[in-house]
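>>> Need the 3D shape of this:
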Amino acid sequence: MAIDLQQIGKRFRFYTNLKELEMEQLKTMTGSDETTLANIISGQNYLLDDLVAIVKNFTDLNPQWLIYGEGSMFKPMSADGKCHDNHKSCLKKDKTAYLKQMKDMLIELDAAEVAKGHHPDVEALKAKLDQYKATH
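Numbering: from 1, shown residues only. Now for the predicted structure:
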């Protein structure tokens, strides 16, 4: 299976937007410079070694999903039922606008995955966003 740097960048951008991580936070969390992070997010001109070093800092991110688009974005919960997601109880951004932005990114990501012949479970993510929007 071929590795597509642009797809990895789109998935990483989706993950960081979902987690509401800004560039300064990413730099602090990973110890990486802005150029490397920006290159990964834009999907161009980076080494997989740089990506691996950065991904190690996100304990809840499933590297199989990030690199190949397979499986869930997040690693499964541990045996004690705890998710290592550091889930935020509230969003910093306007919820309606934020959810629309995330849904638009899902549509873009889904279209790119389908074009590559991948069949990720994007519909489940869309349904979760719709459910969250309905309850908040």
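
>>> residue ranges of the helices in this protein, please?
Per DSSP state H, the chain carries helices over the ranges 5-18, 23-30, 34-42, 48-55, 63-68, 95-115, 122-135.

>>> Now do the end-to-end distance for stretch 13-31.
18 Å (Cα to Cα, to the nearest Å).

>>> what comes up buried for that stretch?
13-19, 26, 30 (16 or more other Cβ atoms under 10 Å). Where you see a C-beta, it was placed from the backbone N, CA and C, and this is true even at glycine.

>>> and it, how far from the chain's centre?
Centre-to-centre, stretch 13-31 and its host chain are 10 Å apart (Cα atoms, centre = their mean, to the nearest Å).

>>> most centrally placed residue in this structure?
Y15 (1.8 Å; Cα atoms, centre = their mean).

>>> Give me the pLDDT for P63.
Listed pLDDT for P63 reads 91.

>>> ok now do it, which residues does it touch?
V55 (Cβ atoms under 8 Å, 6 or more residues apart in numbering).

>>> gap between it and A111?
As judged by Cβ to Cβ, to the nearest Å, P63 and A111 stand 23 Å apart.

>>> for the buried residues of stretch 13-31, which one is nearest L48?
T30 (15.0 Å; Cβ to Cβ).

>>> my guess is that closest one contacts D50, does it?
No - T30 lies out of contact with D50 (Cβ atoms under 8 Å); the separation is 9.6 Å.
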